[in-house]
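Enquirer: model this:
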Amino acid sequence: MDRAGRGKVGYQRMMVQGLTDEDRELIELARRTVDANTDGPDGVYTMGAAVRGVDGRMYAGINLYHFTGGPCAELVALGRARAEGARELTTIVAVGNEGRGVVGPCGRDRQILVDYHPGIRVILPTAEGVGSVLATDLLPESYRWTPNP
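Expert: Prediction:
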């Protein structure tokens, strides 16, 4: 029981998958993208992201850091994939500049992934190390908006 007398809240355990060679290739594309386009260590938080389509093609993006909350790298990569005709995606990852490595998506990105690509695997750091989980595991019991009326 918690302090308010309610039962314990149960947490869903995520099914973490180990990295595949394709996952490592996607991480490397995101890393190369952020390394080539970073704003450096001057306090600007630069991220690179990469997404893979069902056909194996990869698409990269970089965030546009701005005090108003510019688009995250994941959203730029998703937009690039969509602009190039990729509608079905399998995996996404974000990597921080200055060697920060793989970083999990923010809440807004998680909601967008669940809404547009609920079956996509998200590569992120976990208690077991870097692995991948379903986007829906990142927002269990979430509201689901559908882009198609």
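Enquirer: how about the strands in the chain?
Expert: All strands of the chain, identified by DSSP state E, fall at 47-53, 58-62, 89-96, 101-103, 121-126, 129-134.
Enquirer: show me the helices in the protein, by range?
Expert: 21-37, 73-83, 107-116, 135-138 (DSSP state H).
Enquirer: among those helices, which is nearest residue 53?
Expert: helix 73-83 (6.2 Å; C-beta to C-beta). C-beta: built from backbone N, CA, C; applies to glycine.
Enquirer: what packs against the closest one?
Expert: Contacts defined by 3 or more C-beta pairs under 8 Å, 6 or more residues apart in numbering; DSSP states H and E place helix 73-83 against strand 47-53, strand 58-62, strand 89-96, helix 107-116.
Enquirer: got the angle between it and strand 58-62?
Expert: Helix 73-83 runs at 130 degrees relative to strand 58-62, counting by axes from the mean of the first three to the mean of the last three C-alpha atoms, to 10 degrees.
Enquirer: tilt between helix 73-83 and strand 47-53?
Expert: Going by the same axes, to 10 degrees, helix 73-83 makes 40 degrees with strand 47-53.
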